[in-house]
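# dropping a prediction and its sequence here:
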Amino acid sequence: MANIDDYLAENASAEERSAAEQVLLGLDSLKLQQKVKRAAAERVRLQNIARRRMAGAIILLAILFGGAALYWRSLQMEPAPAQESERTESLTNETDDPSSALPPETESTPVEETVPATHPTEEERRRPEPTEETRPPVPENIPIAQSDPQELAPLPDPLHDAPNTFLRGQTNTTDSVAQARLNALWYTNYPLAGLALGDNLSNIGEALQERNFTQAFIRVQRAERRQEPSDTLAYLKAYTFLEMGQGDEAARTLAELANIPEDWQDQRDWYQALALLLAGDLDAAQVLVAQIAQEEEHAYQREAQKALEVYGWGG
Amino acid sequence: MSVRNWFSVGNPCKQFKQHADLFAGLQAQDERAIVCLQTKAMPMVMKQVRAFGLSREQGEEILNRSTLVFLQKIEIGGYQFQGNAPTSYLTEVAKRMAMAESRKTSKHQHQALEDAHIDHMADYVENERKQAAADMVRRLLGKLNDACAQVIKLHHIDGYSDDEVIKNKMTPYSTKNSLKMKRSGCMKKLIKIAQEWQTSTTT
């Protein structure tokens, strides 16, 4: 506040001093008003900034939560691999012209050829493998029942579950029970008993060994186009159908096998039984399973006996 | 910029965490303290304003006027800091102003509030006197030539120092002495006009 005397002469009159006081009071008041006005403007500016930032933070959070929700939802839903739709398309092509659907063979050809569309994918059918500690030792190429005839220990659980043949989302209690029964009996093994593959079929064997049944199926189809029919190829095809969940096809192919070597016989019988169970032909399956269970020397007698128990056919 | 800074950069009360800090800032008429005071009081004042059926614009005006009253009261020593939040006092002032404003619009509805208001009229006497002086000066500044009005306004109202005025070339004067001399002459003119105006209004 400037001094009044700065603006007045020493001999200023009382009226002049009063006027000066009024002026300085007014200026002082205007100065304060100006400050409040500026402060109010600054307050409004800061409030607008705060509102914008809050809105930005809310939008950001909404995006984050939305993204997280979508991610969580995608985790909840089983992925439908692109292969599935491609397979469906291929199947349609194959139905129209089965031979034209197969491209010439190259080893690098991806798995996009004709594959039965109703099958679950490899990923769906693969189950976590038992660890080395929990997995019972199984000698290669020998049915479990034959690995130690004197062994009376309970039959170990199968290494792999049966293929899931039921449509996703349509499972009901009956399906679940049927699937559980098949899982309990899915004693399959590769290499197939007594089977020796030549160079021309070794690639099928490799795919089966890796449990890549889709690839195996494609290679079987190629082999069928290039080679004369043979029991070995038919047996490989039947096994592939079986592991892909095509019970009808597997049963038909196995039934068509004629004059097979004796060392295939037991395994063929058991796989035939599994194929019939898989196809839902329980009457035929029961007859076959009962036959196997009664044969003392049959390599799959114990498996068949377990099947009788599982399906309640024992009594 | 950290997340914390991102949210707090617009917080005008960072420097006034304690009531005493805020009071000291208001005493010094620090604009940042005034912003903090208004920001803190705003929600409560707006609530009261709504309760009296007034608009948001009226609420802003009431907040500014009550801030002015509060600052003047601090300036003359009428408000003694006793550890309470300065915001509480401002809110109370604003409440009374909102009452008065509401009474203006519908007198018959608020007759009961009249007595309560009279109890606090003393608070406004000084404010009214200053407001009258401010109005007078605002009018008289319009009677001065632009150059005079500008040098007075820059120093006495906007609060610029002579150095700032010269550095930023806000006037044609390039030295402090020439600026001071000009301002002194202009003030004398303003006082003369004020004296004439007072004489004319009293006779």
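In hand now; what should we look at? Worth saying up front: this structure is predicted, and the values here are computed from it rather than measured.
# now do the same for whichever residue of the stretch 51-200 of chain A sits closest to chain B: its pLDDT.
Chain B sits closest to A:Arg53 of the stretch 51-200 of chain A, with a gap of 6.7 Å, by C-beta to the nearest C-beta. Every C-beta, even on glycine, is put in place using the N, C-alpha and C of the backbone. On pLDDT, A:Arg53 comes in at 87.
# how close does it get to A:Gln47?
Noted for A:Arg53: a distance of 11 Å to A:Gln47, by C-beta to C-beta, to the nearest Å.
# check B:His156 too.
Distance from B:His156 to A:Gln47, by C-beta to C-beta: 30 Å.
# in terms of neighbours, single out the busier of the two.
B:His156 (24 against 15; other C-beta atoms under 10 Å in any protein chain shown).
# ignoring the adjacent residues along the chain, who's closest to that one?
In space, and not counting its chain neighbours, B:His156 is closest to A:Leu27: 4.0 Å by C-beta to C-beta, 6 or more residues apart in numbering or on different chains.
# which stretches of chain B have low pLDDT?
B:1-10, B:106-124, B:202-203 (pLDDT under 70).
# tell me which residue is most central in it.
Compute the mean C-alpha point of chain B, and by C-alpha atoms, centre = their mean the closest residue is B:Leu68, 3.4 Å away.
# tell me who's in contact with that one.
A:32-33, A:36, B:127 (C-beta atoms under 8 Å, 6 or more residues apart in numbering or on different chains).
# quick one: which of those sit in helices?
In helices, defined here by DSSP state H, the members of these are A:32-33, A:36, B:127.
# farthest pair within these?
Using C-beta to C-beta, the two most remote members of these are A:Val36 and B:Asn127, lying 12.3 Å apart.
# the two: which has the busier surroundings?
Neighbours were counted for A:Val36 and for B:Asn127 using other C-beta under 10 Å; A:Val36 has more, 24 against 18.
# give the contact list for B:Gln18.
Counting by C-beta under 8 Å, 6+ apart, there are no residues that B:Gln18 touches.
# now it: phi and psi?
phi -100, psi 150 (degrees, to the nearest 10).
# tell me how far it lies from chain A.
As judged by C-beta to the nearest C-beta, to the nearest Å, B:Gln18 and chain A stand 20 Å apart.
# longest helix in chain B, please.
Chain B, longest helix under DSSP H: helix B:176-202.
# so B:Leu154 touches B:Lys169, yeah?
No: at 11.7 Å, B:Leu154 does not count as touching B:Lys169 under the criterion of C-beta atoms under 8 Å.
# neighbour-wise, which of the two wins?
Set side by side, B:Leu154 and B:Lys169 show more neighbours around B:Leu154, with 20 against 9, by other C-beta under 10 Å.
# could you give the angle of the host helix or strand of A:Asp28 to helix B:176-202?
Using DSSP states H and E, A:Asp28 falls within helix A:14-76. Helix A:14-76 runs at 110 degrees relative to helix B:176-202, counting by axes from the mean of the first three to the mean of the last three C-alpha atoms, to 10 degrees.
# show me what helix A:14-76 is packed against.
With contacts taken as 3 or more C-beta pairs under 8 Å, 6 or more residues apart in numbering or on different chains; DSSP states H and E, helix A:14-76 sits against helix B:3-8, helix B:31-51, helix B:56-75, helix B:122-141, helix B:176-202.
# who wins for proximity to A:Asp231 among the ones you listed?
helix B:3-8 (72.1 Å).
# in whichever helix or strand comes after the closest one, what counts as buried?
Note on helix B:3-8: by DSSP H and E, the next helix or strand toward the C-terminus is helix B:19-27. Neighbour counts over helix B:19-27 (16 or more other C-beta atoms under 10 Å in any protein chain shown) mark B:19, B:22-23, B:25-27 as buried.
# what's helix B:19-27 packed up against?
helix B:31-51, helix B:56-75, helix B:86-105.
# against which helices or strands is the last one packed?
Packed against helix B:86-105 by the contact rule (3+ C-beta pairs under 8 Å, 6+ apart) you find helix B:19-27, helix B:31-51, helix B:56-75, helix B:114-119.
# need the contact list for the spatially closest residue to B:Ala133 that is not a sequence neighbour.
Counting by C-beta to C-beta, 6+ apart, B:Ala133 lies nearest to A:Gly26, which is 3.6 Å off, once chain neighbours are set aside. Shown in contact with A:Gly26 (C-beta under 8 Å, 6+ apart): B:130, B:133-138.
# list the contacts for residue 162?
I went with chain A, as the question did not name one. Counted by C-beta under 8 Å, 6+ apart, A:Ala162 has contacts A:179, A:182-183, A:185-186, A:245, A:274, A:278.
# ah, no, chain B please
The contact partners of B:Asp162, by C-beta under 8 Å, 6+ apart, come to B:155, B:176, B:179-180.
# what about A:His298, helix or strand, and which?
Using DSSP H and E, no helix or strand contains A:His298.
# what's the local residue count around it?
Neighbour tally, A:His298, other C-beta under 10 Å: 20.
# what does B:Met97 give?
24.
# doesn't B:Thr67 make contact with it?
No: the pair B:Met97 / B:Thr67 is not scored as a contact, 10.5 Å apart, by C-beta under 8 Å.
# which SS class is A:Tyr190?
Using DSSP: H, G, I helix; E, B strand; the rest coil, the structure places A:Tyr190 in coil.
# how about the contacts made by it?
A:205, A:208-209, A:211, A:239.
# ok, now with 7 Å
Counting by C-beta atoms under 7 Å, 6 or more residues apart in numbering or on different chains, A:Tyr190 touches A:208-209.
# returning to what we had before: which one of the contacts of B:Leu68 is nearest to A:Arg73?
Nearest to A:Arg73 among those, with distances taken as C-beta to C-beta, is A:Val36, at 54.0 Å.
# quick check: the closest one touching B:Asn64?
Yes: counting by C-beta atoms under 7 Å, A:Val36 does reach B:Asn64; the two are 5.4 Å apart.
# give me the number of residues near the residue found closest to A:Ala299 once you drop the neighbours it is linked to in the chain?
Nearest non-adjacent residue to A:Ala299, counting by C-beta to C-beta, 6+ apart: A:Asp266, 3.9 Å away. Neighbour count for A:Asp266, taken as other C-beta under 10 Å: 21.
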